[in-house]
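Enquirer: Predicted structure and sequence below. I'll ask about it afterward.
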Amino acid sequence: MSRLLPSNLLNLIRAPVALGQGLEGVDEGPEILVQNGLLDVVQALGWKVANDSEIDIRNLTWNSPAADVPAHQHGTRIKFPKELGEACHDIARLAETSARSGAFTLTLGGDHSVAIGSIGGGLLARPELGVIWVDAHGDFNTPETSPSGNIHGMPLAFLTGHMASYRLPSFDWLKNHLKPDQLVLVGIRSIDPEERAIMKKWGAHVFTMTEVDRFGMGGVMEQAKQILLRQGPRPLHLSYDIDAVDPHFAPSTGTKVRGGLSYREAHYVAESLAETDALVSMDLVEINPRLGYVDLAHREDRNVTVEVGLELIASALGKKIY
C-alpha cells in the first residue's frame, strides 16, 4: 500500500482534559509526555512538528455549576456535557485542519473523552476514516447505561450516533458518525451489561482479551485490518487508552483492569498499523502521573507508564526493532 500522508509533518494537539472522569491528575498527561522527551522521539524518527497546539482548559473547572444536567426525559444525568462538548469542539477544529493539511495528527489526553474531538474532527475531513480503539473498556455507554455519568466511558456512543437523540447543544458540531465497518475495538475486558447490548445491536467488531489469547495479537491485528481495509485503502486512526496495557506494565492510570495487553502485545498493535502506511492520526490518553507511580522494578525516580506511552507513540510513528 502506498503511503497516505504526503509528508513527514506532524501536528501535536495537547488536550489536558480531565472532566470526562473523576480523578484529578490525568490533565497532566500531555505535559509530562513532552517533558520526558516526546518531541525528541518524534524528531528522531524523521517527523517534523509543524504545529504544537494546546486546548485552553481554563474555563473547565471541577466545580462548574453545570456539572450535572438532565440528558433525557427520564432524568438520567451526564457530567460536564457543556464543558466537554466545547473542549472537544476545539480539539475537532484542530484535528480537522490538521487532517486537511496532510500532516499526521497526534492528540495527547487527558481522558478518553478527547477522542470525540480528535476522531470527530478527523471524520469531518475524512468521512471514510477507520478507527482502531485500543482500550480495557467498551466506551459505548449512554447516560442510561453508565454507572457513573462520566463521559470518558461514552465516546464511542457519541461517535457512532447513539447520543444524537439527547440533543446536547455543545455537541451539535459532531456531524459525521462511524459505521460498523469503520471501527474495531481491541484489548477489551470490561463491558457493562447494558453497554454490551448496545454494542451487539450496533454490530461492533470487538476483539476482547479472549480473542487475543486465542489468536495471538498478530492474528487479531490481521483480522482487524481485514475488516477496516476490506474495501481497499483508507486512512486509519489509532485511539490508544493506556489502560489497555496490563497495569503490571502501565500502572499510572485511573481505571485499571488486570489481564490486559503485555508489553509486546501493546507494541505490536502500533507496529502493525504503522506498517500499513495508512495510519494518519493517533490519540494517547488516560496517563495519570499521580497514580501508581512506582513500578514493579522500583524505579522510583521514573514513571514507567510515561515511558511506555512514549514508546507506543514511537512504534506508531514507524520505529522498528530492525
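Expert: Good, I have the coordinates. Numbering: from 1, shown residues only.

Enquirer: quick one: residue 51 and residue 14 touch, right?
Expert: No. When contacts are counted by C-beta atoms under 8 Å, residue 51 is not listed as touching residue 14 (11.1 Å). Using the backbone N, CA and C atoms, a C-beta is placed for each residue, glycine as well.

Enquirer: Which of these two has more residues huddled nearby?
Expert: residue 14 (24 against 15; other C-beta atoms under 10 Å).

Enquirer: measure that one to residue 312 for me?
Expert: For residue 14, the distance to residue 312 equals 17 Å [C-beta to C-beta, to the nearest Å].

Enquirer: show me the contacts for the closest residue in space to residue 95 that isn't next to it in sequence.
Expert: Spatial nearest neighbour of residue 95, excluding adjacent residues (C-beta to C-beta, 6 or more residues apart in numbering): residue 121 at 3.0 Å. Applying C-beta atoms under 8 Å, 6 or more residues apart in numbering to residue 121 gives the contacts 91-99.

Enquirer: Then residue 12?
Expert: 38, 42, 49, 51-53, 106, 108.

Enquirer: tell me which of those residues is nearest to residue 5?
Expert: Among the contacts of residue 12, residue 106 lies closest to residue 5 (C-beta to C-beta), at 12.4 Å.

Enquirer: who's that closest one bridged to?
Expert: residue 12, residue 282 (DSSP bridges).

Enquirer: Now do it: how many residues are near it, please.
Expert: A count of nearby residues for residue 106, using other C-beta under 10 Å, gives 26.

Enquirer: That one is in contact with residue 15, isn't it?
Expert: No. Between residue 106 and residue 15 there is no contact under C-beta under 8 Å: 10.6 Å.

Enquirer: Pull up the distance across stretch 126-136, start to finish.
Expert: 27 Å (C-alpha to C-alpha, to the nearest Å).

Enquirer: Quick check: buried residues in it?
Expert: For stretch 126-136, a neighbour-count test (16 or more other C-beta atoms under 10 Å) marks 126, 129-136 as buried.

Enquirer: Any chance of JSON lines for these, columns pLDDT and secondary structure?
Expert: Shown next, in JSON lines, are the buried residues of stretch 126-136 (pLDDT from 0 to 100; DSSP: H, G, I helix; E, B strand; the rest coil):
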{"residue": "126", "pLDDT": "97", "secondary structure": "coil"}
{"residue": "129", "pLDDT": "98", "secondary structure": "coil"}
{"residue": "130", "pLDDT": "98", "secondary structure": "strand"}
{"residue": "131", "pLDDT": "98", "secondary structure": "strand"}
{"residue": "132", "pLDDT": "98", "secondary structure": "strand"}
{"residue": "133", "pLDDT": "98", "secondary structure": "strand"}
{"residue": "134", "pLDDT": "98", "secondary structure": "strand"}
{"residue": "135", "pLDDT": "98", "secondary structure": "coil"}
{"residue": "136", "pLDDT": "98", "secondary structure": "coil"}
